[in-house]
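Trainee: pasting the sequence and the predicted coordinates here, then a few questions.
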Amino acid sequence: MLKAVIDAEAIKDAVEAVSSLVDEVKFAISEKGLELKAVDPANVAMVSLKVDSSAFQFFKATPGEIGIDLVRLSDLLSMADRGESVSLELDEESHKLKIGVGSLSYTLSLIDPSAIRKEPRIPELDLPAHVTLTGAELRRAVKAAEKVSDHVVLGVADDMFYMEAKGDIDALKLTIPSSELLGLKPGQARSLFSLDYLSDMSKSIGKASEVKLELGVDYPLRIGFRIKEVEISYLLAPRIEQE
Amino acid sequence: MLKAVIDAEAIKDAVEAVSSLVDEVKFAISEKGLELKAVDPANVAMVSLKVDSSAFQFFKATPGEIGIDLVRLSDLLSMADRGESVSLELDEESHKLKIGVGSLSYTLSLIDPSAIRKEPRIPELDLPAHVTLTGAELRRAVKAAEKVSDHVVLGVADDMFYMEAKGDIDALKLTIPSSELLGLKPGQARSLFSLDYLSDMSKSIGKASEVKLELGVDYPLRIGFRIKEVEISYLLAPRIEQE
Amino acid sequence: MLKAVIDAEAIKDAVEAVSSLVDEVKFAISEKGLELKAVDPANVAMVSLKVDSSAFQFFKATPGEIGIDLVRLSDLLSMADRGESVSLELDEESHKLKIGVGSLSYTLSLIDPSAIRKEPRIPELDLPAHVTLTGAELRRAVKAAEKVSDHVVLGVADDMFYMEAKGDIDALKLTIPSSELLGLKPGQARSLFSLDYLSDMSKSIGKASEVKLELGVDYPLRIGFRIKEVEISYLLAPRIEQE
């Protein structure tokens, strides 16, 4: 059972953060709110998302699981304007989700959860270096790197966070000293990542006032942030750096 | 003879309302203003338009008829900025219309009116149910329906205006009680319409503060509204509803 | 040697003014600033550009020459926001230009100047008629002419600046009396020009508060203007007018 009302922007932001990686997801419903974990088709990136019941204007639920086509959902949500509320109501018998926006009421057919790819087990990693900066800053760095290459090195050295992108002809280097970061826990860290993934993720990341990167040497990158009351975490596998 | 000056927005809005259905039209000129009636190539929708002489900053005319390529006219009018005036002067000898915008002066070749499709006879229909709402509200409903289907049912029941769109998987329902409408005359009404046409029309409709829908059971829909001092009326044939 | 800091908008505007005609250029560096002259691949239009050392927030240079891919440079500069500064530093040994924007630092490979087309000799022309108007006005006239034709006549007659464009069906005439111009030196002038070139140039021209046109009869057109402290001059060859 699910009956909930939420700010249109909050649910749009949540859907966007996930739909950059996967099209169909299983939401776990509980008294505490909504939750999901998903891995992209190429097994390179994972996303986990938590929308706490306190993020809703109204929330009443019993535990369950629903499968949703995020492309359809995101298309329907585009009808909701900034400042509007969206109501969600699960009709368990007909396997449909009723979505209300003002006087409009959509009926979205659900997907059988067993037809959706199994939830990934998010590995427990103790990444040595932590960097905290604004989402806008990270987004800009990713955009700049895309101008010269498909891959980017992220690392920490000498109390600085750095990013390097090398193209066939041109190169880009970004260095931000800890004094200009929101936070830095120094540690051995230098890994190469695909800009395709970072670019898709950075649309959501750019909206967060604070983003925490956790890094190691040739280790996955964890990117944690909140948009309004939605908690989002990405895990991105490293690429092998060829010298 | 025609010599007239009009606000750029007013003539742009008038041209847009018609060019969503037809490319070439005959304007009837008289002392009272400009008028036209046209039917779309597929005979599904009609439009009638009246620009009263009082809508012009200056208007002097003797009765006549001119044929205009609305695509060309609309392209030329795009050069006029909001707040500017547009002057129109008919050169009967050369069959040209002089269009002045600031220091620019266009010469638009007219089309022989006999080469343009004959004006339709607008049928007199006494449609039982009337619904008055804002243009923005109707436009939004049409946009929402397009998300799920190509067709939409409009109807009146139990003191409510409703709209239904059913896709292969998802469905949409809109209901607006009379208390939230600008006006409602209840009556038997439920007809199916093509969203293609409603979508084209809704660009103009969305600009009107008040739109009147007249409806029956499997009967055409009449949509009447004014933008500034331009009076516009659409008539849209119903589709057969298959259960 | 070159070390310089400049307002992002100023260098973006300068690059845009040139890149509408050519992709690769040679900048001449001197104590006085940066300078370039280039001709488009079809030999129809020339551009000359001067960025005086006073236009820079910091400028230190010894004479030299560098070859730059303007497409790459313009792409990198798009990362700089309005109000930001851009630092330029020439690394002569590695033949690279370091471009700094905030905490980002790009390394742009230079092109061997000998591989770039030779600088044109800008002909000395004493054009009889001079017309001064706002860049926005000229840009609008060019856009209006594009609606009806590929070519445009510019001329001066009876204390007026005029523009004529004739399409297969429609025609456009613009006339601005000297009283509505910023300046007019009357003289024999009427020449035909390609709108393709004028359209490309008008993106930059539109930003200038004052543009000076120098014209003759079937003679090239010189267009001189300043954007901020960047001095730009175009020379456009006439087309043969066929009656």
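Mentor: Perfect, thanks for sending it. Residues are numbered from 1 along each chain as shown, chains lettered A, B, ... in the order given.
Trainee: and residue A:29, that one's in a helix?
Mentor: No: secondary structure assignment (DSSP: H, G, I helix; E, B strand; the rest coil) places residue A:29 in strand, not in a helix.
Trainee: tell me how many other residues surround it.
Mentor: Neighbours of residue A:29 under the rule other Cβ atoms under 10 Å in any protein chain shown: 19. C-beta here means a position set from N, CA and C on the backbone, and glycine is covered the same way.
Trainee: that one reaches residue A:67, doesn't it?
Mentor: No: in terms of Cβ atoms under 8 Å, residue A:29 does not count as a neighbour of residue A:67; the distance is 11.7 Å.
Trainee: and the most centrally placed residue in chain A, how far from residue A:11?
Mentor: Residue closest to the average C-alpha location in chain A (Cα atoms, centre = their mean): residue A:17, at 4.0 Å. Per Cβ to Cβ, to the nearest Å, residue A:17 is found 11 Å from residue A:11.
Trainee: need the phi and psi values for residue A:210.
Mentor: Note on residue A:210: backbone dihedrals following degrees, to the nearest 10 are phi -140, psi 130.
Trainee: tell me the pLDDT of it.
Mentor: pLDDT, residue A:210: 97.
Trainee: got the residues of chain A near chain B?
Mentor: Applying Cβ under 8 Å from any Cβ of the partner chain, we find that chain A lies next to chain B at A:72, A:75-76, A:78-79, A:101, A:103-109.
Trainee: try it again with 6 Å
Mentor: Residues of chain A lying near chain B by Cβ under 6 Å from any Cβ of the partner chain: A:75-76, A:79, A:103-109.
Trainee: which of the residues in stretch A:4-11 are classified as buried?
Mentor: A:4, A:6-11 (16 or more other Cβ atoms under 10 Å in any protein chain shown).
Trainee: from these, which single one is nearest chain B?
Mentor: Using Cβ to the nearest Cβ, residue A:8 comes nearest to chain B of the buried residues of stretch A:4-11, at 13.6 Å.
Trainee: was I right to think that closest one contacts residue A:84?
Mentor: Yes: using Cβ atoms under 6 Å, residue A:8 makes contact with residue A:84 at a distance of 4.6 Å.
Trainee: so where's chain A shaky on pLDDT?
Mentor: A:242-243 (pLDDT under 70).
Trainee: for it, which segments count as helices?
Mentor: Counting by DSSP state H, chain A has helices at residues A:8-19, A:70-77, A:135-146, A:195-205.
Trainee: can you put these in JSON lines and add distance to residue C:148?
Mentor: Formatted as JSON lines, the helices of chain A follow (distance: least, Cβ to Cβ, whole Å):
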{"stretch": "helix A:8-19", "distance to residue C:148": "44"}
{"stretch": "helix A:70-77", "distance to residue C:148": "41"}
{"stretch": "helix A:135-146", "distance to residue C:148": "40"}
{"stretch": "helix A:195-205", "distance to residue C:148": "42"}
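Trainee: for residue C:228, which of the ones you listed is the nearest?
Mentor: For the helices of chain A, proximity to residue C:228 was assessed by Cβ to Cβ; helix A:135-146 is nearest, at 24.5 Å.
Trainee: same question for that closest one: list its buried residues.
Mentor: A:135, A:137-146.
Trainee: close to chain C, is that helix?
Mentor: Yes: Helix A:135-146 reaches chain C (Cβ under 6 Å from any Cβ) through residue A:144.
Trainee: what is the orientation angle of that helix with helix A:195-205?
Mentor: For helix A:135-146 against helix A:195-205, the angle by axes from the mean of the first three to the mean of the last three Cα atoms, to 10 degrees is 160 degrees.
Trainee: and helix A:135-146, how far from the chain's centre?
Mentor: The chain centre lies 16 Å from the centre of helix A:135-146; the measure is Cα atoms, centre = their mean, to the nearest Å.
Trainee: counting contacts, what elements does that helix pack onto?
Mentor: strand A:171-177, helix A:195-205 (3 or more Cβ pairs under 6 Å, 6 or more residues apart in numbering or on different chains; DSSP states H and E).
Trainee: and these as CSV, adding mean neighbour count?
Mentor: Converted to CSV, those look like this (neighbours: other Cβ atoms under 10 Å in any protein chain shown):
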stretch, mean neighbour count
strand A:171-177, 19
helix A:195-205, 20
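Trainee: show me what stretch A:103-119 is in contact with.
Mentor: Stretch A:103-119 has contacts (Cβ atoms under 6 Å, 6 or more residues apart in numbering or on different chains) with A:24, A:26, A:37, A:65-67, A:69, A:76, A:95-99, B:144, B:169-174, B:176.
Trainee: now do the contacts for residue A:71.
Mentor: Counted by Cβ under 6 Å, 6+ apart, residue A:71 has contacts residue A:23.
Trainee: mind running it again at 7 Å?
Mentor: Residue A:71 sits next to A:19, A:23 when contact means Cβ atoms under 7 Å, 6 or more residues apart in numbering or on different chains.
Trainee: pull up the gap between it and chain C, please.
Mentor: From residue A:71 over to chain C the distance is 30 Å, taken as Cβ to the nearest Cβ, to the nearest Å.
Trainee: up against chain C, what does chain A have?
Mentor: Neighbours of chain C within chain A, by Cβ under 7 Å from any Cβ of the partner chain: A:143-144, A:147, A:169-176.
Trainee: run the last query once more with 6 Å
Mentor: So far as Cβ under 6 Å from any Cβ goes, chain A lies against chain C at A:144, A:147, A:169-174, A:176.
Trainee: just the closest of these to residue C:44, please.
Mentor: Within the residues of chain A next to chain C, proximity to residue C:44 (Cβ to Cβ) peaks at residue A:169, which comes in at 29.9 Å.
Trainee: residue contacts, that closest one?
Mentor: With contact set as Cβ under 6 Å, 6+ apart, residue A:169 has these partners: residue C:109.
Trainee: roughly how far does it sit from residue C:75?
Mentor: Look at residue A:169 and residue C:75: by Cβ to Cβ, they are 12 Å apart.
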